[in-house]
Each structure stands twice: as structure tokens, then as C-alpha cells.
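Participant: next come a sequence and a model predicted from it.
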Amino acid sequence: MVALSACCFGSITILVTIAQRAGAPLLTILVWRYLLGAATLALLSGGMAALATARGRRLRLLALGGGGQAVIGFTSLLALRWIPVATLVFLFYTYPSWIAVFAVVRRTERLDRTRVAALALSLAGIGLMVGAPSADTMHPAGVTLALGSALIYALYVPFIGALSEGVPARVASAWVAAGAGACFLVVGAVIAALHVASPTMIAPVTLATMTVSAQLTPVAWAATAALAVVSTAVAFILFLNGLAGIGAVRTGIISTIEPFWASLLGATVLHQRLGTETLLGGVSIALAVALLQIRQGESVTASGVDQSIS
């Protein structure tokens, strides 16, 4: 489930690119992605009666879960003003390392040799795919935002796992998506107000183009709908279910499939170059995932659990 969720999340950049090429502003895409995703999740969970089962955690999932999603997306996207995509990927996907470090410090999970080896393989794979960032791409502001988003995400993964514990994944995901959509909707309203008040001040950072408009082309709507259903509703459900089953450290390592999947999809859909480094990086990440799965299988067998259950 975590691997499939990584593929869903890894499709985001491709779908966003398609929507933007069709004329959709970035903030518009983000708003509709989360709001339509929340509506889809609400339907899948059984409507308002099912959503009410979250009880006292509804506001926390909405505000903290959704707010966290919005902050991570905003900081990582903002970093692209100063650094290229490859550098952002290299820095952001250090988050499995941070998850492991935080888990050891908090003593919530044990970092054995198998997990260390898998973590090294996954990071080496990412390094092969995007290359070590050169000095001319290491703008301090961009690096700070990229590493900041990685650190926030590393804290967010175990946090959202604990916050959604005992709540059906579809219900928790619906509240998180609704919260993120509401955050971007508020940002859009503030930006619009700022632009009206002082358009010359906002224009240099291109915030004037980030309006929340429903006037999208059919291609942009199709890409946005795919973002809502596949990269939000389905991705969140798979991610939260998988996280509950295997823990934050293994989830973080397996999630490094995302950049490899994005590269494959980019080559197929957008006809972007798929080099030898990308393929070798993908093999390294696949080995990391396989290593974790082999170790898990040995643990389950040793504990006497019936293998036919899985």
C-alpha cells in the first residue's frame, strides 16, 4: 500500500505540469485538488455520518493534518524560486533519514542494520537519479526551504499516523484533504486582496496569477480531477493504511519510490529524458524496498504468524 501510494504521490508533478500547460494557475490546481479530493473521500467513507466517527479529532485532523499538508506543499513549491527541481528532490528526499533519526531519538522504533542498509540504498538511488547538487544551484533560501519542508514532513509522517490512529483511513484522509483545501482557499483570498491593494508589490513574485478560478480548460480539469482522485483520495487512503501497518521509518524508506515513478511517468507522458542514472537509481530504491520486505517476511515467520493471512 505504501508503494502504491508513493506512485500516486509521484504522479503529482506530472499532473500539475499538464494542468499548468493547459493554462491553470498553480494555486487554483492546489485548491481544487484538495477540495475535490476531500469530497471524493467523504463519498468513499460513507458521507457525513461516517465523517462524524472521528469524534474529538475532527478539528485536529482538519487544522493540524490539513495545515501540515498545506505547509509542506507551500514550502517545497516556494523553494523552486531559487533552486531547480533536481536540487529540490535531492534535498526533500532526505526526509526518510530525518524520520529514522527522530524515531531513534524518541525511541519509538529501532534502527537496525537492515533498515540502515535500506536507507543508504534509497538515498544512493535518489542521488543517482538527480545527481549531487552543484554549488551554483545551492541558493541559501532555496536550500533552507527545501530542507525545512523535508524536516516538517519527517515530523508530519509519525504525527499524522498517531493523530489518525483508530480512525478509518478514508475518514481521516477526508478531514486532512478538506483542511489543506481550506488553507489554500484562504491563501488565495488573501493574495487576491493583497493584489487589489497593491498590485505593483505583488507582481514581482507572480502571486497575481495565482487566482482561485473555476474557469479551466477540459484538459486542466481532467488533470486536476486525476490529482484529486488518484493523487489525493486514493493516495491518502493507501498511505495511512500502510503507515499504520509498517511504521514511520519503513514507510519513509519505501516512499522514496516517488521520484523514480515520477521519472518513468515523465518519460512516458511528457517525453522527458530517462537516463541511465535514473534507471540505476530506481534499481537501488527497489533493492531497498525488497530488503525491507525480506526482513519483514522473516520476522513474521519467526513469530509464528500464518503467512496465508497476508
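Facilitator: Looks like it came in fine. All values reported here derive from a predicted model rather than from experimental measurement. Numbering: from 1, shown residues only.

Participant: do you know the pLDDT at the nearest residue to residue 225 once chain neighbours are set aside?
Facilitator: Using Cβ to Cβ, 6 or more residues apart in numbering and skipping residues adjacent in sequence, the residue nearest residue 225 is residue 36, 6.6 Å away. Quick note: C-beta positions are derived from backbone N, CA and C, even for glycine. Per-residue confidence for residue 36 comes out at a pLDDT of 90.

Participant: look at the residue nearest to residue 269 when sequence neighbours are not counted and tell me its secondary structure.
Facilitator: For residue 269, the nearest residue in space outside its immediate sequence neighbours is residue 14; the separation is 5.7 Å by Cβ to Cβ, 6+ apart. Three-state assignment for residue 14 (DSSP: H, G, I helix; E, B strand; the rest coil): helix.

Participant: need the contact list for residue 14.
Facilitator: 262, 265, 266, 269, 270 (Cβ atoms under 8 Å, 6 or more residues apart in numbering).

Participant: can you tell me how far the residue nearest to residue 225 sits from residue 230?
Facilitator: 11 Å (Cβ to Cβ, to the nearest Å).

Participant: do the same with residue 240
Facilitator: 16 Å.

Participant: then residue 218?
Facilitator: In terms of Cβ to Cβ, residue 218 sits 18 Å off from residue 230.

Participant: any weak-confidence spans in the stretch 51-200 of the chain?
Facilitator: Residues of the stretch 51-200 of the chain meeting the criterion pLDDT under 70: 51-56, 80, 84-87, 90, 109, 111, 129-138, 191-200.

Participant: all helices for it, in order.
Facilitator: Using DSSP state H, counting those that start in this stretch, the helices of the stretch 51-200 of the chain run over 58-60, 66-79, 85-92, 95-106, 113-130, 140-163, 169-197, 199-202.

Participant: OK, contacts around residue 152?
Facilitator: With Cβ under 8 Å, 6+ apart, residue 152 has these contacts: 68, 71, 72, 75.

Participant: report how many residues lie close to the nearest residue to residue 108 once chain neighbours are set aside.
Facilitator: Using Cβ to Cβ, 6+ apart and skipping the chain neighbours, the partner closest in space to residue 108 is residue 158 (6.9 Å). Using other Cβ atoms under 10 Å, the number of residues around residue 158 comes to 21.

Participant: list the helices and strands whatever helix or strand residue 41 lives in packs on?
Facilitator: Under the criterion of DSSP states H and E, residue 41 resides in helix 26-45. Applying 3 or more Cβ pairs under 8 Å, 6 or more residues apart in numbering; DSSP states H and E, we find helix 26-45 packed against helix 12-21, helix 48-51, helix 66-79, helix 169-197, helix 218-228, helix 235-246.

Participant: pull that helix out as CSV, backbone CA atoms only.
Facilitator: C-alpha atoms of helix 26-45 as CSV (Å, rounded to 0.1, in the frame of the first residue of the first chain):
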residue,chain,number,x,y,z
LEU,A,26,-0.8,26.7,-9.5
LEU,A,27,-2.9,27.8,-6.6
THR,A,28,-6.1,27.0,-8.5
ILE,A,29,-4.8,23.5,-9.1
LEU,A,30,-4.0,23.0,-5.4
VAL,A,31,-7.3,24.3,-4.1
TRP,A,32,-9.4,22.1,-6.4
ARG,A,33,-7.1,19.1,-5.8
TYR,A,34,-7.8,19.1,-2.1
LEU,A,35,-11.4,20.2,-2.1
LEU,A,36,-12.4,17.7,-4.8
GLY,A,37,-10.2,15.1,-3.1
ALA,A,38,-12.0,15.7,0.2
ALA,A,39,-15.4,15.4,-1.5
THR,A,40,-14.3,12.1,-3.0
LEU,A,41,-13.0,10.8,0.3
ALA,A,42,-16.3,11.8,2.0
LEU,A,43,-18.3,9.8,-0.5
LEU,A,44,-16.0,6.8,-0.2
SER,A,45,-16.2,6.9,3.6
